[in-house]
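In: I would like to see how this sequence folds:
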Amino acid sequence: MTFTITHNDPGTSARAGLLETGHGTIESPFFMPVGTAGAVKALHIKQLREDVKAQIMLSNTYHLYLRPGADIVSAAGGIHRFNGWSKPVLTDSGGYQVYSLADMRKFKEDGVVFQSHIDGSKHTFTPESAIDIQRALGADIIMAFDECTPYPCDYDYATKSMKRTHRWLKRCISRFGETACPHGYTQSLFPIVQGSVYKELREQSAGFIASCGAEGNAIGGLSVGEPAPVMYEMTEAVTRILPADMPRYLMGVGTPANILESIALGVDMFDCVIPTRNGRNGMLFTRQGILNIKNEKWRDDFSPLDPEGEIFTDTEYSRAFLRHLFISKEMLAAMIATTHNLGFYMWLMRESRKQIREGNFRSWKEKMVVQLMQRL
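Out: Here you go, the predicted model:
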């Protein structure tokens, strides 16, 4: 994998670049639609490629490990052949999903013992097994196994958790170096910065992660309930330390405003369930702001979903029609809304790259942050 920065915005730390992987080149900054079980909910792979125009997708190690099993995906030739997505894929390590199980898991020095949310069966993830599973799944970018701290969390716990994440990282790097992708192409391992909302810990963790010399680095443990200004403060502290010539990935973020503010801080990669989950529940993102398509006010509004924006689907639907589908509980409603929202996020990233290249990102960002988050 190689990363080349092509443009730097003069007014912020935003940058545009190219990330080359074994399954194609990605223009950065970019957003990764979340395909939890190997596919984005309510969306065909063809739509993700042709209508949404996504460059890369994210899948979840935890979910694919439990069902259908890493052995099945590997037997198919890896995730790309299993689901028919020929572009790059990133898999998380399962650390966040295990963290979210709360009372169904127990942390130990060796790893995490947890119960499946599907059938209650017991399993163990270790740094070594997380690497082995992701090797078998065959994603282009794989993540180190980490411990994601909750918010709020006291300083002592955050410190112990961060140090354990660092010890686990050493084991991940060792296992990664001892193994190879069984599907005939290279994979890249990204470490993850932790430290909760304590700047001192974040800086310590970023320094340790930077010293590992990975091909890219991630910022984890944010967007878990802390106020947005705190998230930006932690992100800025970390991006000042992580290598400038490697891609930076802010995990689980976020709203359009979150993404634009984080791009300005030097982040290159994002993922979040917001556009898909909110879309399935009737919340649409447009260039004018956010609208709840189920509201009565859209009952006889025959204008397009985003009158001033690009057409984010192969057919432009009216607000009245989409509202009708939601009220009627038609499956097509979730499909249209998901395609629209992901299309909007792809437009947001394309426009961000354009503004960075033209040197106008700061002024454009300040206007768009206010505009995109207003309720219609």
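In: assumed residue 132 was part of a strand.
Out: No: using DSSP: H, G, I helix; E, B strand; the rest coil, the assignment for residue 132 is helix, not a strand.
In: so who does it touch?
Out: Taking Cβ atoms under 8 Å, 6 or more residues apart in numbering as the contact definition, residue 132 lies against 175, 179. No exception for glycine: its C-beta is placed from N, CA and C like everyone else's.
In: where does this structure have its least confident helix or strand?
Out: Ranked by mean pLDDT, DSSP states H and E, the weakest helix or strand in the chain is helix 95-100, scoring a mean of 69.
In: report the distance from the longest helix along the chain to the chain centre.
Out: Of all the segments of type helix in the chain, defined by DSSP state H, the longest one is helix 331-358. Counting by Cα atoms, centre = their mean, to the nearest Å, helix 331-358 is centred 14 Å from the centre of its parent chain.
In: how near is the closest residue to residue 13 other than its chain neighbours to residue 236?
Out: Distances taken as Cβ to Cβ, 6 or more residues apart in numbering put residue 266 closest to residue 13, at 3.8 Å, once the chain neighbours are dropped. In this structure, residue 266 and residue 236 are 8 Å apart, going by Cβ to Cβ, to the nearest Å.
In: so residue 231 sits against residue 221, correct?
Out: No: judged on Cβ atoms under 8 Å, residue 231 makes no contact with residue 221 at a distance of 10.0 Å.
In: the spatially most central residue of the chain bridge partners, please.
Out: For the chain, residue 271 is the residue whose C-alpha lies nearest the centre (Cα atoms, centre = their mean; 1.7 Å). Counting by DSSP bridges, residue 271 is bridged to residue 32.
In: who are the neighbours in contact with residue 153?
Out: By Cβ under 8 Å, 6+ apart, the residues touching residue 153 are 161, 196-197.
In: tell me how far the nearest residue to residue 195 once chain neighbours are set aside lies from residue 161.
Out: Of all residues not flanking residue 195 in the chain, residue 201 sits nearest, at 3.3 Å (Cβ to Cβ, 6+ apart). As judged by Cβ to Cβ, residue 201 and residue 161 stand 9 Å apart.
In: residue 71 too?
Out: Distance from residue 71 to residue 161, by Cβ to Cβ: 31 Å.
In: comparing these two, which residue is more hemmed in?
Out: When neighbours are counted by other Cβ atoms under 10 Å, residue 161 comes out ahead of the other of residue 71 and residue 161, with 22 against 11.
In: list the buried residues of stretch 194-212.
Out: For stretch 194-212, the buried set under the neighbour-count rule, 16 or more other Cβ atoms under 10 Å, comprises 194-198, 201-206, 208-210, 212.
In: distance between that stretch and the chain's centre?
Out: Per Cα atoms, centre = their mean, the centroid offset for stretch 194-212 relative to its chain is 20 Å.
In: repeat for stretch 255-263
Out: So, by Cα atoms, centre = their mean, the centroid of stretch 255-263 is 13 Å from its chain's centroid.
In: tell me where the stretch 251-376 of the chain has strands.
Out: Along the stretch 251-376 of the chain, counting by DSSP state E, counting those that start in this stretch, strands occupy 269-271, 283-285, 290-292.
In: was I right about the residue nearest to residue 13 contacting residue 16?
Out: No: counting by Cβ under 8 Å, residue 266 does not reach residue 16; the two are 11.6 Å apart.
In: next, the distance between the ends of stretch 32-48.
Out: Using Cα to Cα, to the nearest Å, the end-to-end distance of stretch 32-48 comes to 11 Å.
In: got a list of contacts for it?
Out: 52, 54, 56-60, 63-64, 67, 73, 79, 82-85, 90, 269-273, 275-276, 279-280, 331, 334-335, 337-339, 342, 345.
In: buried ones among those?
Out: Neighbour counting by 16+ other Cβ under 10 Å classes 52, 54, 56-60, 63-64, 73, 79, 82-83, 85, 90, 269-273, 275-276, 279-280, 334-335, 337-339, 342, 345 among the contacts of stretch 32-48 as buried.
In: verify the contact between residue 275 and residue 345 for me.
Out: Yes: Residue 275 lies in contact with residue 345 (Cβ under 8 Å); the separation is 5.1 Å.
In: rewinding a little: which residues do residue 201 and residue 161 both contact?
Out: The contact sets of residue 201 and residue 161 overlap at residue 194 (Cβ under 8 Å, 6+ apart).
In: quick check: domain ranges of the chain?
Out: 2-271, 279-372 (automatic domain parsing).
In: most tightly packed of those domains?
Out: Ranked by mean neighbour count, these are led by domain 2-271 with a mean of 20 (mean count of other Cβ atoms under 10 Å).
In: that one: end-to-end distance?
Out: Start to finish, the residues bounding domain 2-271 are 20 Å apart (Cα to Cα).
In: for the residue of the chain most remote from its centre, which non-adjacent residue is closest in space?
Out: The outermost residue of the chain, judged against the average C-alpha position, is residue 300 (35.9 Å), by Cα atoms, centre = their mean. Closest residue to residue 300 apart from its sequence neighbours, by Cβ to Cβ, 6+ apart: residue 320 at 5.7 Å.
In: that neighbour contacts residue 304, correct?
Out: No: using Cβ under 8 Å, residue 320 is not in contact with residue 304; the gap is 10.7 Å.
In: next, show the common contact partners of those two.
Out: Counting by Cβ under 8 Å, 6+ apart, residue 320 and residue 304 have no common neighbour.
In: tell me the SS of residue 162?
Out: On the three-state scheme (three-state DSSP), residue 162 is labelled helix.
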